[in-house]
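Engineer: could you look at this predicted model? Sequence included:
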Amino acid sequence: MKVAFLGLGVMGAPMAGHLARAGFDVAAYNRTAAKAEAWYEEHGRAHGARVAASPAETVEGARLAFLCLGDDPDVAAAAREVLPVLPEGAVLVDHTTASPALARRLAEEAGAAGKGFVDAPVSGGQAGAEKGALSIMCGGEAAHVERARPAMESYAARIVHIGPSGHGQLCKAVNQICIAGLLQALAEGMHFAGRAGLNIERVLEAISGGAAQSWQMDNRARTMVADEFDFGFAVDWMRKDLRIALDEARASGARLPVTALVDQFYADLQAMGGGRWDTSSLIRRLTDAD
């Protein structure tokens, strides 16, 4: 099957690589040509994939097209270029964390053109993308999700159809709300342990076997304490995701007081020059004040 993949960043590059290794006929595109060429050398050449010169060229003849971009304007611009070129019956899958409103609009536009659309944001970070173990939350028609499922299985450990168009993005908002609160609590816990003079390794050994255990604790507590943040999911991207969540909360009347507070803590990190730090850098607000 011919598939297209647009967006070869830290998430998209390994995802597109898994598609190529799984035997799909992959055409890939990235706005920065150097990244596209690097992807081809690392992932594409050995598996017969190719790099295209434009979004429209990338999706010619593709039955599935995947986007993994930055924000709503990037997705809207790419969709304007690729939807007219995609063959009738093809499905456009957006892995970007974008707004539910945009997902609903693109689903309507795709449907009017005889094509499908699935909003399918992912969770699992760069490590999950590289291991092919992402969790994907999908919004759209069940038939479109199932058409894309065999390809998505090459880089996902879990694929869940949440509901109609926009529901994948709403589910991703839930995911980010939960992560934000967990990270702030973990930052405070590690800061407290340090100020109390506790042995951090023994603390983690004790509490990671109980109700406080989480993925964030297992993967971020030690790097938090070591003041290491040059990796992972950037603060800038988390603020974009929380903006989407808070906008939706205002529209629905949901109350997110902790999320709004943590969003402001991330704004503090940006003011400290930490926009590209990992989201676990919340502890910096506490330690820098010592």
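Structural biologist: On my side now, so go ahead.

Engineer: what residue spans form the domains of this structure?
Structural biologist: Domain assignment for the chain by automatic domain parsing gives 2-164, 170-287.

Engineer: could you identify the helix or strand that succeeds the helix or strand harbouring Phe5?
Structural biologist: If you go by DSSP states H and E, Phe5 is part of strand 2-6. Where DSSP H and E defines the elements, the next helix or strand beyond strand 2-6 is helix 12-21.

Engineer: so that following helix versus strand 2-6, what angle?
Structural biologist: Between helix 12-21 and strand 2-6, the angle comes out at 170 degrees (axes from the mean of the first three to the mean of the last three Cα atoms, to 10 degrees).

Engineer: how far does the strand holding Phe5 sit from its chain's centre?
Structural biologist: Remark: strand 2-6 is offset 18 Å from the chain centroid, using Cα atoms, centre = their mean, to the nearest Å.

Engineer: counting by contacts, list what it packs against.
Structural biologist: Using 3 or more Cβ pairs under 8 Å, 6 or more residues apart in numbering; DSSP states H and E, the elements in contact with strand 2-6 are helix 12-21, strand 25-29, helix 55-59, strand 64-67, helix 72-82. C-beta here means a position set from N, CA and C on the backbone, and glycine is covered the same way.

Engineer: so which of those is nearest Leu186?
Structural biologist: helix 12-21 (26.1 Å; Cβ to Cβ).

Engineer: what's next to the closest one, contact-wise?
Structural biologist: Contacts to helix 12-21, defined as Cβ atoms under 8 Å, 6 or more residues apart in numbering, come from residues 3, 5-6, 8, 26, 28, 30, 35, 38-39, 42-44, 47-49, 66, 68, 95, 126, 129-130, 132, 134, 151, 154-155.

Engineer: do that again at 6 Å, thanks
Structural biologist: For helix 12-21, the external contacting residues (Cβ atoms under 6 Å, 6 or more residues apart in numbering) are 3, 5, 26, 28, 39, 43-44, 47, 49, 68, 129-130, 132, 154-155.

Engineer: ok, now stretch 86-102?
Structural biologist: Applying Cβ under 6 Å, 6+ apart, the set of residues contacting stretch 86-102 is 59, 63-69, 72, 75, 110, 114-122, 144, 147-148, 166, 169-170, 172, 241, 244.

Engineer: how does it look with 7 Å?
Structural biologist: Residues from elsewhere that reach stretch 86-102, judged by Cβ atoms under 7 Å, 6 or more residues apart in numbering: 59, 61-72, 75-76, 79, 82-83, 103, 110, 114-122, 144, 147-148, 166, 169-170, 172, 241, 244, 248.

Engineer: got it, and stretch 162-169?
Structural biologist: By Cβ under 7 Å, 6+ apart, stretch 162-169 touches 98-100, 103-104, 107, 117, 119-121, 137-140, 171.

Engineer: narrow these to those in strands?
Structural biologist: Counting by DSSP state E, those place Phe117, Asp119, Met137, Cys138, Gly139 in strands.

Engineer: read off the pLDDT value for Asp288.
Structural biologist: Per-residue confidence (pLDDT) for Asp288: 87.

Engineer: what's the closest non-adjacent residue to it?
Structural biologist: Of all residues not flanking Asp288 in the chain, Met272 sits nearest, at 7.3 Å (Cβ to Cβ, 6 or more residues apart in numbering).
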